[in-house]
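> Sequence below, structure please.
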Amino acid sequence: WQGPTPSSGQQQPSGTVQVQSGMALALRAPNVFSDFVKEKKIAFSFPSGQSRAACLQACQGHKKCQAAVFEPSAGFCVGLKRAGSTVVALPSGKAAAVETWTRLPAEDYGFSVLPQTAYSQRQGLQVFSRTDRGTSSECLDECSRTPTCRAVAFTQNINAKTWTCVGLTALESALQLSGSDSPPTLFLSKPEPTSSKKNVLFLISDDLNTHLGIMDGFTLTPHIDSLARRGVSFKHAYAQVTSCAPSRESLLFGRDPDLTKIWDFGVHYRELNASAVSLPQHFKNHGYFTGGFGKTFHDIANFDIPFSWHQQWPDVKKYSQLKDESQAAAQDLVFNVDRDRQRAEYVDYHFASHAIEHMTQAVQNQQSFFAMVGFRRPHRPWVCPGDIWDRYLQQLPLSVPPRTVPPLGAPDVALKVGFPRLSTVSGAESLREDPFKPHDNDVVVDNRRAYLCTVSLMDEQVGRLLQAVRDLGVENDTIIVMTSDHGFKLGDLGMWGKRSAFEWDSRVPLIIVDPETSQRNGKGRISSALVELVDLYRTVTELAGLPMPDGGVNGKSLAELVRDASALPVHSSARTQAMRCDTGKAYSFVDDKCPNDISIWNGFMGYSLRTAEWRFTCWIPWNPQGPAWDAPNVEFELYSHADESAADWNVQEEARNLADKWHYQPVVAALFARVRSEFASGHV
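Numbering: from 1, shown residues only. A predicted model of the protein is given here:
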């Protein structure tokens, strides 16, 4: 038994050990393993040296593992392909039972129901009990609404169609009952109150570039602007990868893409490293009530439960019903103006609503929260409410970008046109044979307006969240981060979208509000320091006063820059990567993706370095074994940013690739050496 010593008169649980708050493992002697081997139920096994937590995490990260058996004296750990009454191994979390156990067919369930009388005999342990039909999530929801409830014991018998949900005063209360011949099949617990810690509200948008009102006056974003006036806005923040999932997994696990091995879609870091600790998981491990709403790690429902989240929304069915772009997608439109849809019918509205419920629940239960909201917008298709569209027409005249053709001398591998066609107010353009043929100016302006319109729509939800923080009385106790997974080209350089290594793809907005600094300074500040999204893991952890996790986290803390925007920079450069795959077909300039099977990748990796004066990118022949730095067909790009003004947010257009000019060869050689060094070192 590990954990609180049983008080006088309490029976020490038999065959169960508490790993940490919200985790329970059933212990069995090693001789039971032979039976499982004969029946081919083993998913994996470690003969020795494992901890209880490592054993459970290994099972959670293995696709075929449904339960874990752990023998403590030798550290023997076995993952089982089937789970029944033999083993209980479940972590805390609202949806843990749904994610971990309902993958089995109904006939494989061997769960038994603990009679209600077993609870009633334990005076002072039971808070409530229910026998009506329900799910484990509903059981935990009731516990969450009950202040004195700290844990639930949930049992179900699929064949008998019976359910039992009992609220208990502590997780240990559930464990004390586990010596019964018919133990409850699931223990779940809520975090202990941690109200003295700073809360975290982490906002991340999809495809958001730095066209924000307070940054360049380009967009109507009053709520993001108000947030920036309370914190620090980083003028030169850069994503590690210019596509969604790889960037988010790098940010949330605090590791460079070449360490996560996530460069495109098709695989997730949790599948490659079950023991990795994500940023929200780190807070969850320190008692925070964590919730992920919307597109967090990626556009996947129930992802990284039970590791990172106590609560997550949406589930797959609800999300597919609420996606507000279905009509536009069906008509192959990049954008459309919708004058009939109510705000509550847009999916980001629901992400914000569930996050507000999460924060409210945490405050009511005197818990510190880590709430992450991943807004869908401004990802295309750009479904724009008619009233916002009209506001842009009336208040903010738009024009085409300063440069609408690719950089002179840029190698083909660097270019991604993005969309094979754009939309018009009346429909979609015809497909163009030449992807770089200029669009009509009015088409370009309308599509830029539609993108900005969805940014304003997203901004409204930021406003709802900020108002909720104020209404809950925790504004002075909450760290707020606002950023994007990567940038986005809006016809800049004749291209639309992401997945390149240019400034518009790589650069992201980043606003950080620390309540202590915000109270002291009272106005927004701008930092010109070069920073990276991978820095946020260490930054938020330090601002919250938590210890850093043991190893495996890249980046540097920006906490000192948050406290003092004029502090010395932590980096002399910022790094970005972009992937190009040879799929065996003719090279395409449109926004194609690499195949899901990493083993067949063969193409180029764009390693890009942004310094105060230059953007330097080298396209290296690459396969899953790594880059061929010394190959003869390496391609180089060099663009000057020396003339950018420190007083505004305007981006100096990358109009001419200077890498082939003889008088810039010393610069190319020096930056190529830095690229090899800094991408290999992890910028630690």
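> Apart from its chain neighbours, what residue comes closest to residue 241?
In space, and not counting its chain neighbours, residue 241 is closest to residue 247: 4.5 Å by Cβ to Cβ, 6 or more residues apart in numbering. Heads up, the C-betas are built off the backbone N, CA and C, glycines and all.
> so where's the stretch 151-300 of the chain shaky on pLDDT?
Within the stretch 151-300 of the chain, the stretches with pLDDT under 70 are 151-152, 154-162, 169-196, 266, 299-300.
> which residues in it form helices?
Using DSSP state H, counting those that start in this stretch, the helices found in the stretch 151-300 of the chain span residues 171-176, 213-216, 222-228, 244-253, 257-260, 269-272, 279-285.
> which of these is buried the deepest?
helix 244-253 (a mean of 26; mean count of other Cβ atoms under 10 Å).
> Counting by contacts, list what that one packs against.
Applying 3 or more Cβ pairs under 8 Å, 6 or more residues apart in numbering; DSSP states H and E, we find helix 244-253 packed against helix 257-260, helix 279-285, helix 536-543.
> what would these look like in JSON lines with distance to residue 379?
Converted to JSON lines, those look like this (distance: least, Cβ to Cβ, whole Å):
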{"stretch": "helix 257-260", "distance to residue 379": "21"}
{"stretch": "helix 279-285", "distance to residue 379": "22"}
{"stretch": "helix 536-543", "distance to residue 379": "21"}
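> from what I can see residue 163 touches residue 131, true?
Yes: between residue 163 and residue 131 a contact is recorded at 6.8 Å, counting by Cβ atoms under 8 Å.
> Between the two, which has more neighbouring residues?
residue 163 (20 against 12; other Cβ atoms under 10 Å).
> Identify the bridge partners of that one.
Residue 163 has these beta-bridge partners by DSSP bridges: residue 156.
> Residue 402 should be in a helix, yeah?
No: under DSSP: H, G, I helix; E, B strand; the rest coil, residue 402 falls outside any helix and is assigned coil.
> Next, count neighbours for the residue nearest to it when sequence neighbours are not counted.
In this structure, residue 402 finds its nearest non-sequential neighbour in residue 653, 5.5 Å apart by Cβ to Cβ, 6+ apart. By other Cβ under 10 Å, 17 other residues sit near residue 653.
> these two touch, right, residue 284 and residue 311?
No: judged on Cβ under 8 Å, residue 284 makes no contact with residue 311 at a distance of 10.8 Å.
> what's the overlap in contacts for these two?
residue 290 (Cβ atoms under 8 Å, 6 or more residues apart in numbering).
> mind listing what residue 503 touches?
Taking Cβ under 8 Å, 6+ apart, one finds 487, 610, 615, 639, 641, 651, 652, 654 in contact with residue 503.
> Please identify the helix or strand for the fourth one.
Per DSSP states H and E, residue 639 falls inside strand 635-640.
> contact partners of that strand?
Against strand 635-640 from outside (Cβ under 8 Å, 6+ apart): 407, 410-411, 413-414, 501, 503, 604, 608, 613-619, 652, 654-660, 664, 667-668, 671-672.
> how does it look with 7 Å?
The contact list for strand 635-640 (Cβ atoms under 7 Å, 6 or more residues apart in numbering) reads 410-411, 413-414, 613-619, 654, 657-659, 664, 667-668.
> Just the buried ones among the residues you listed, please.
Taking 16 or more other Cβ atoms under 10 Å as the criterion, what is buried in the contacts of strand 635-640 is 410-411, 413-414, 614-619, 654, 657-659, 664, 667-668.
> Out of those, name the ones that lie in strands.
Under the assignment DSSP state E, the buried ones among the contacts of strand 635-640 contribute 614, 615, 616, 617, 618, 619 to strands.
> hey, what's the last one bridged with?
For residue 619, the beta-bridge assignment (DSSP bridges) gives partners residue 606, residue 635.
> That one and residue 409, how far apart?
14 Å (Cβ to Cβ, to the nearest Å).
> so where's the stretch 451-600 of the chain shaky on pLDDT?
519-522, 582-593, 595-600.
> which residue ranges form the strands in it?
478-484, 489-490, 496-497, 507-508, 510-513, 525-532, 574-581 (DSSP state E, counting those that start in this stretch).
> can you list the ones you listed in JSON lines and add mean neighbour count?
As requested, the strands of the stretch 451-600 of the chain are exported to JSON lines (neighbours: other Cβ atoms under 10 Å):
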{"stretch": "strand 478-484", "mean neighbour count": "23"}
{"stretch": "strand 489-490", "mean neighbour count": "24"}
{"stretch": "strand 496-497", "mean neighbour count": "24"}
{"stretch": "strand 507-508", "mean neighbour count": "26"}
{"stretch": "strand 510-513", "mean neighbour count": "26"}
{"stretch": "strand 525-532", "mean neighbour count": "21"}
{"stretch": "strand 574-581", "mean neighbour count": "24"}
